[in-house]
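K.L.:
Structure for the following, please:
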Amino acid sequence: MRSLTRRFLPVALAAVTYAGLASQDVQAQVPSDYQKIVDAKLVRVGAVQAPPWYEKNLASGDWGGLVPDVMDAIFSKIGVKIEYVETQWGTAVAGLQSDRFDLLGAYNATPEREKAIDFTKPMGELKFAILTLKGPAEAYATWEKIDTASIRLAAVDGAGATRALQPLMPKTNWSIVQSSDNMYLELQSGRADALVTSDVQIGQYLKARKNGIMVIPTPMRTQPTNIGLRKSDDKTLRDWLDGQLDTLRTDGTLEKIWAKYVPTSQ
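P.N.:
Model (predicted):
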């Protein structure tokens, strides 16, 4: 028995070593997400119908907005085409994890999300704000005042404002809906007294409708907004995107894009 063990042990060890090396070779041959994008000359970007971040032209099916402008500035340099895949804020993490799309812009890096996906450096910063059609503005002057069951507050499921503020205001009468369009409908129909989202989005609404009051409650709550991507041990794509954002920030491109959609961001 000992003779057999001595005879076959070197063979077994060699097999294990070969299997380990073969596994490493396979891993080394798997291209990174960055390389896949470059090779395919295509990047798939998740898109949520939420102006000014993203806005779909219903006639042509094309997407425009602040995020598409940023994506164009990044990927046009390397000749990569952008394909937009419609999604919702609340299901975007699952979309990235399931490989439905590669990136999602204007996505806030919350601790919960960071457990599931990776994020770039911020592509900008927003303030959480209230929009009401009937006032008075003083009723929404502080987050503490809003934290009452007498206020019906509309918000989008999975949005940064909803995730950040809902735990802090448990008494508020929340109306959580699936899209920005539904959120505005809640307000316009009178089913909600106010809505909460970013100052960026409310600014666009007021510019178009010229009806309503925007209040930025105190203490001011701000949140950077980033680009989300699939979690990976290979950080090539994330690091490359960070470098591109640094370049766009340094040469003034990011500032120009934000000013195009958010005049108050300067």
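K.L.:
Report how many residues lie close to Gln166.
P.N.:
Gln166 is flanked by 15 other residues according to other CB atoms under 10 Å. Backbone N, C-alpha and C define where each C-beta goes, glycine included.
K.L.:
Would you check how far apart the closest residue to it other than its chain neighbours and Asp118 are?
P.N.:
Excluding the flanking residues, the one nearest Gln166 by CB to CB, 6 or more residues apart in numbering is Trp174, at 6.2 Å. To Asp118, Trp174 is 29 Å away according to CB to CB, to the nearest Å.
K.L.:
Which of the two has more residues huddled nearby?
P.N.:
The neighbour count for Trp174 versus Asp118, taken as other CB under 10 Å, is higher for Asp118 (20 against 17).
K.L.:
which residues does that one contact?
P.N.:
Applying CB atoms under 8 Å, 6 or more residues apart in numbering to Asp118 gives the contacts 228-232, 235, 238.
K.L.:
Can you tell me the element it falls in?
P.N.:
Element membership of Asp118, judged by DSSP states H and E, is strand 117-119.
K.L.:
What of Thr162?
P.N.:
Per DSSP H and E, Thr162 falls inside helix 160-165.
K.L.:
gap between the residue nearest to Gln166 and Val93?
P.N.:
To Val93, Trp174 is 21 Å away according to CB to CB.
K.L.:
Thr120 now?
P.N.:
15 Å.
K.L.:
Likewise for Lys235?
P.N.:
Applying CB to CB to Lys235 and Val93 gives a distance of 19 Å.
K.L.:
more neighbours, these two?
P.N.:
Legend: neighbour count by other CB under 10 Å for Lys235 and Val93, higher for Val93 (22 against 14).
K.L.:
Specify the local secondary structure of the more buried one.
P.N.:
Look at Val93: counting by DSSP: H, G, I helix; E, B strand; the rest coil, its state is helix.
K.L.:
Find the nearest non-adjacent residue to it, please.
P.N.:
Closest residue to Val93 apart from its sequence neighbours, by CB to CB, 6+ apart: Ala116 at 5.1 Å.
K.L.:
what residues are up against Met169?
P.N.:
So Met169 contacts 143, 146-147, 153 (CB under 8 Å, 6+ apart).
K.L.:
I'd like to know which of those residues are buried.
P.N.:
The neighbour count (16 or more other CB atoms under 10 Å) marks 143, 146, 153 as buried among the contacts of Met169.
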